[in-house]
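>>> I'll drop the sequence and a predicted model, then ask my questions.
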Amino acid sequence: MILPQIRSTFERKHGRMLADLIGRDDPELLRAAHDRLDEEGLDALLDDPRALNALLTEGDVPLPPSVVFYVMVRQGLLEKGIDDRATADYVATLLFAFGEGNRAYRISQDAGEEYHYLVDLLQGMGQAEGREAFLLRSHLGNYSLWLTGLFPDYLESRERRRGAPGIRYYEELGSSGFRLASETREARRLGMEEVLREVGVGFREVRSALNRISDRHIWKGGANAVGRLLRQVQEGGPFSRS
């Protein structure tokens with residue numbers, strides 16, 4: 001299962017490394033970054049746009065990839081007005097985990113069966129109980145967010161060429177999956193009910209934030225520019241009508 005766990009791995013040394021990175025070419029900025037770390041804590045640096053810029057442009061970043069994922073997601077969500085750090089932690093952990101092997105198709109790390117279609121997850125949910133029901137519901141949300149967040153152009157292309165379900169279909173099922181998972185006894189046992197509910201209710205906004213991250217940093221230069229423009233219009237972006 002996916003649990004928000006990247007933040008729990010942060011150490012004081014990561015803050016010092018990040019401060020050094022932010023002020024690498026500016027002694028005054030370096031002192032200010034370390035002072036801010038001492039006075040306000042690591043979160044102040046993680047939320048600083050200069051941190052993301054340094055992490056993505058410097059050639060020899062000493063920090064682990066998980067920190068980069070968290071900062072990228074956290075600042076992307078902040079741009080959409082989502083200021084909950086637990087949500088950023090969950091979404092960053094999701095992206096980090098799903099980037100490994102076939103994890104995106106399995107409801108847990110040790111699960112043998114793979115699900116490549118949402119309809120198969122829905123069928124499984126109809127028969128499952130207990131922990132398996134929780135895993136299937138949360139994976140319906142996770143997988144939908146993964147696809148719509150990082151591969152929207154692929155989904156839109158399939159919709160145009162094959163008549164496959166569009167992004168709204170994935171949004172509705174993904175949001176439902178998170179909200180249903182939040183209502184289970186397993187979610188309460190894990191202390192996950194609130195974050196799953198928040199991601200479910202704000203699914204579209206979270207998805208939109210991931211679209212920006214994907215366009216800017218993951219598929220930079222290779223995505224469909226027209227598709228990006230249309231999404232900005234639909235979602236009230238800078239090109240939308242007043």
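That came through fine.
>>> hey, where'd the helices end up in the chain?
Along the chain, the stretches classed as helices by DSSP state H are 12-22, 27-40, 42-46, 49-57, 65-79, 85-98, 118-125, 130-150, 152-162, 167-182, 185-190, 193-201, 203-213, 225-234.
>>> so which of the ones you listed gets nearest P4?
Closest of these to P4 is helix 85-98, at 3.7 Å (criterion: CB to CB). Just so you know, the C-beta spots here come from the backbone N, C-alpha and C atoms, and that holds for glycine as well.
>>> how about D48, what does it touch?
The contact partners of D48, taken as CB atoms under 8 Å, 6 or more residues apart in numbering, are I22.
>>> what about it, distance to Y154?
33 Å (CB to CB, to the nearest Å).
>>> same check, this time on Q5
From Q5 to Y154 the distance is 28 Å (CB to CB).
>>> do E183 as well
To Y154, E183 is 31 Å away according to CB to CB.
>>> and if you look at I2?
Separation of I2 from Y154 (CB to CB) stands at 22 Å.
>>> how's the protein carved up into domains?
For the chain, automatic domain parsing gives the domain ranges 1-98, 105-242.
>>> worst average pLDDT in those domains?
Among these, domain 105-242 carries the lowest mean pLDDT, a mean of 85.
>>> just to revisit the earlier point, for Q109, find the nearest of the helices of the chain.
Comparing the helices of the chain against Q109 with CB to CB, the closest turns out to be helix 85-98 (7.9 Å).
>>> the inter-axis angle of that closest one versus helix 193-201?
80 degrees (axes from the mean of the first three to the mean of the last three CA atoms, to 10 degrees).
>>> Residues contacting helix 85-98, please?
Residues contacting helix 85-98 (CB under 8 Å, 6+ apart): 2-7, 43, 65-66, 69-70, 72-74, 77, 82, 103-104, 109, 142, 145-146, 149-150, 194-195, 198-199, 202, 206, 210.
>>> what number of residues lie near the nearest residue to A104 once chain neighbours are set aside?
Leaving aside its sequence neighbours, A104 sits nearest to F98 (CB to CB, 6 or more residues apart in numbering; 4.1 Å). F98 is flanked by 20 other residues according to other CB atoms under 10 Å.
>>> Now stretch 202-220: buried residues?
If you call a residue buried by 16 or more other CB atoms under 10 Å, then stretch 202-220 has these buried ones: 202-215, 219.
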